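Student: coords please:
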Amino acid sequence: MDLSGIRISIIIVITAVWTSSAWAGWKPIERVEPYSISGATALDLYRSIGERGPKLGIRRVIAYTDFRLTWRRDYQPRKDGACVLASAKPKLIITYRLPQVSGSLSSRTSAAWERFIEGVRTHEQVHGEIITDMVKKIEAVSIGLRTENDPGCQKVRAELQKHLGRLSREQRQRSREFDRVEMGEGGNVHRLVMEFINGDRGRGN
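Tutor: Residues are numbered from 1 along each chain as shown. Just a heads-up that it's a prediction; the model follows:
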């Protein structure tokens, strides 16, 4: 009986499991920082968002996603004078700043609000996914990074910084492009806002 095919299959399965485990070794910590808004109607609530929403530059926004990223890195000088970044373990904390209604709402306004905030939350979670993807790319390019003639492990740090800058710029560009599409006329966020502020008008409660 030829066992070579079975052995190859076992090796492939073990490799697949190891790769999956490597990527599953960490998960982002996600938290929500709510800010309080108030109002009796959807339009009132939207105006309150405009007054109390998180500041991004000189303007206020409906919601905002931020993150804090730290690393544990193991730089290992080698006998041949090279340096290798043997491991890089991230700790990623993603913070979603979202509006939260204080006080009670009519049934119509409450229903409109729930549709709106769910859409906003979904939008911000995409930003979280873009951030997480960046960290995975940093992890992939970090582990095993090697520079020659680098006994003090300074060259490898400088080389890593080049990758960090590139991947950070890529993440910011992806986020900006996502917002441009979502917030432009006919985009998901633009539609959410229009449906929300008109969602409880001219209706009994």
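Student: give me the next element, helix or strand, following the worst-scoring helix or strand of the chain on mean pLDDT.
Tutor: Taking mean pLDDT, DSSP states H and E as the measure, the helix or strand of the chain with the lowest value is helix 4-23, at a mean of 38. The helix or strand immediately downstream of helix 4-23 is strand 29-37, counting by DSSP states H and E.
Student: from the contact counts, what lies against that next one?
Tutor: Applying 3 or more Cβ pairs under 8 Å, 6 or more residues apart in numbering; DSSP states H and E, one finds that strand 29-37 contacts helix 42-52, strand 83-101. Glycine gets a C-beta too; all of them are placed from N, C-alpha and C.
Student: redo the ones you listed as JSON lines? Include distance to Ile58.
Tutor: Formatted as JSON lines, those follow (distance: least, Cβ to Cβ, whole Å):
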{"stretch": "helix 42-52", "distance to Ile58": "13"}
{"stretch": "strand 83-101", "distance to Ile58": "17"}
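Student: and the residue nearest the centre of the chain, what element?
Tutor: Centroid check for the chain by Cα atoms, centre = their mean gives Gly128 as the closest residue, at 1.8 Å. Following DSSP H and E, the helix or strand that holds Gly128 is helix 107-142.
Student: direction included, what does the very next helix or strand once past that helix pair up with?
Tutor: Next helix or strand after helix 107-142 toward the C-terminus (DSSP H and E): strand 146-147. Strand 146-147 has the following sheet partners, assigned by DSSP bridges: strand 83-101 (antiparallel).
Student: that older thread, gap between the residue nearest to the centre of the chain and Ile93?
Tutor: Going from Gly128 to Ile93 by Cβ to Cβ, to the nearest Å gives 11 Å.
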